[in-house]
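I'd like to go over a predicted model; first the sequence, then the structure.
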Amino acid sequence: MVVVMKPGAAPEDVDAVVSRVEASGGSAFVSRGVQRTIVGLVGDIAAFQTLNLRAMPGVGEVVRVSKPYKLVSRENHPEATTVSVGGVPIGPDTFTLIAGPCAVETPEQTLQSALMAKAAGATLLRGGAFKPRTSPYAFQGLGEKGLRILADVRAETGLPVVTEVVDAADVALVAEWADMLQVGTRNMQNFALLQAVGSAGRPVMLKRGMTATYEEWLMAAEYIAQRGNLDIVLCERGIRTYETATRNTLDIAAVPMMHSLSHLPVIVDPSHSGGKRELVVPLSRAAIAAGADAIIVDVHPDPTAALCDGPQALYGDDLDELARACRELPPLVGRRLVS
Ligand code: PEP
Ligand code: MN
């Protein structure tokens, strides 16, 4: 069982909940987040149900859910959540295009990518300053310099920024510059990082671990929520299978499955799923048809010169096709493109 305190609940209110739980023989674990304080209860649920915790001062809700993930479960929260990223919604009535370079390389390349993204209908800019590369010899990103470039491009284009953080020690720095923090597939179960982004006061995009089950993915989201941050977006980015022709296998069923298991928005990364430019538009169409709340797409002004993931970056006519899909398909599934 979990008690979610109201934002701004007094410390005495939290103490009173803990005392009542402990007096009944249970244990209470307090997690004080930036947005909310969460109290996890361990013990006899039947006994907790007699405590009337919901009526105590400062208590927002009491979550009794059979699933191991609680705060992120649909069972606890039947209504779909909309997450706002710098004022741009990601939620059930809309469809949002997020696009930009895989990596921030130079101010010019980042600005050109952002302008290409915007022309295609994107309202959020993606771009990595800290890159989690498989090889230690590959370009690792510009770090803080890259964050400053993203902030400059945001000022110039008006596009809020989504960028990855790979180390718990960098969360405060990245949160200072970014509108949304991305946790990548390789870090989905980096629990210290999940707790740090849960306390950072920014929305979080949590990519699916490439070998993670739905439940493991939701438990990872629960780590973020348990720190008081419920502004979480789940991103399906392809999983490891026996197929080698594509970089990963897009699990399209993840979109309706995660929507049924969780109230959080679910988005798709068609670029890292297929790993090939010619697959990005077809996979984007599939994502929209399956009910994705957004897609996140790599673009680059000169993919042959890209320092990261050039083969999957869109440019030119492919971007026009993507723009067309994002305009025409969402209304067929009851959504409007965020513009
Ligand atoms: C990315 O989006 O830049 C990225 C590294 O994605 P993933 O974590 O899904 O591989
Ligand atoms: Mn990439």
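Looks like it arrived, so ask away. Ligands and ions are numbered 1, 2, ... in the order given.

can you tell me how far the closest residue to ligand 2 within the stretch 1-150 of the chain sits from Met188?
Nearest residue of the stretch 1-150 of the chain to ligand 2, counting by C-beta to the ion: Cys102, 3.6 Å away. Heads up, the C-betas are built off the backbone N, CA and C, glycines and all. Here Cys102 is placed at a distance of 18 Å from Met188 (C-beta to C-beta, to the nearest Å).

wait, doesn't the residue of the stretch 1-150 of the chain closest to ligand 2 sit right on Ala313?
Yes. Between Cys102 and Ala313 there is a contact at 6.7 Å, judged by C-beta atoms under 8 Å.

Not including adjacent chain positions, what is the nearest residue to the residue of the stretch 1-150 of the chain closest to ligand 2?
Nearest residue to Cys102 in three dimensions, chain neighbours excluded: Asp309, at 4.0 Å (C-beta to C-beta, 6 or more residues apart in numbering).

Same question for Gly87.
Pro160 (7.1 Å).

That neighbour and ligand 1, how far apart?
Applying C-beta to the nearest ligand atom, to the nearest Å, one obtains 16 Å for the distance of Pro160 from ligand 1.

contacting residues around Ser24?
Listed by C-beta atoms under 8 Å, 6 or more residues apart in numbering, the contact set of Ser24 reads Gly43, Asp44, Ala47, Phe48, Thr50, Leu51.

7 Å - rerun?
Ala47, Phe48, Leu51 (C-beta atoms under 7 Å, 6 or more residues apart in numbering).

How many residues are close by the last one?
Counted with other C-beta atoms under 10 Å, the neighbours of Leu51 add up to 19.

That one touches Arg20, doesn't it?
Yes. Checked against C-beta atoms under 7 Å, the pair Leu51 and Arg20 is within contact range at 5.4 Å.

how close does Leu53 sit to Ile38?
Distance from Leu53 to Ile38, by C-beta to C-beta: 13 Å.

Can you get me a residue count around the residue in the chain positioned nearest to ligand 1?
Nearest to ligand 1, among the residues of the chain, is Gly184, at 2.8 Å (C-beta to the nearest ligand atom). Using other C-beta under 10 Å, Gly184 has 23 other residues around it.

One more: Pro78?
8.

what residues are up against the nearest residue to it once chain neighbours are set aside?
Spatial nearest neighbour of Pro78, excluding adjacent residues (C-beta to C-beta, 6+ apart): His263 at 7.3 Å. His263 makes contacts with Arg74, His77, Glu79, Ala80, Thr81, as judged by C-beta under 7 Å, 6+ apart.

in the sheet, who's paired with Val299?
Note on Val299: beta-bridge partners by DSSP bridges are Leu314.

Quickly list what's touching both of Cys102 and Ala313.
With C-beta under 7 Å, 6+ apart, Cys102 and Ala313 have common neighbours Asp298, Ala306.

wait, which of the contacts of Ser24 is closest to Gly209?
Taking C-beta to C-beta as the measure, Gly209 lies nearest Phe48 of those, at 32.4 Å.

can you pull the contacts of that closest one?
Neighbours of Phe48 in contact, by C-beta under 7 Å, 6+ apart: Met1, Val21, Ser24, Gly26, Leu41.

what's the answer for Ile267, then?
Per C-beta under 7 Å, 6+ apart, neighbours of Ile267: Ile90, Val233, Cys235, Ala292, Asp293, Ala294, Ile295, Ile296.

tell me, what residue is most central in the chain?
Met205 (1.4 Å; C-alpha atoms, centre = their mean).

Any part of the helix or strand harbouring it near ligand 2?
Assigned by DSSP states H and E, Met205 falls within strand 204-207. No. Using C-beta under 5 Å from the ion, strand 204-207 never reaches ligand 2; the gap is at least 10.8 Å.
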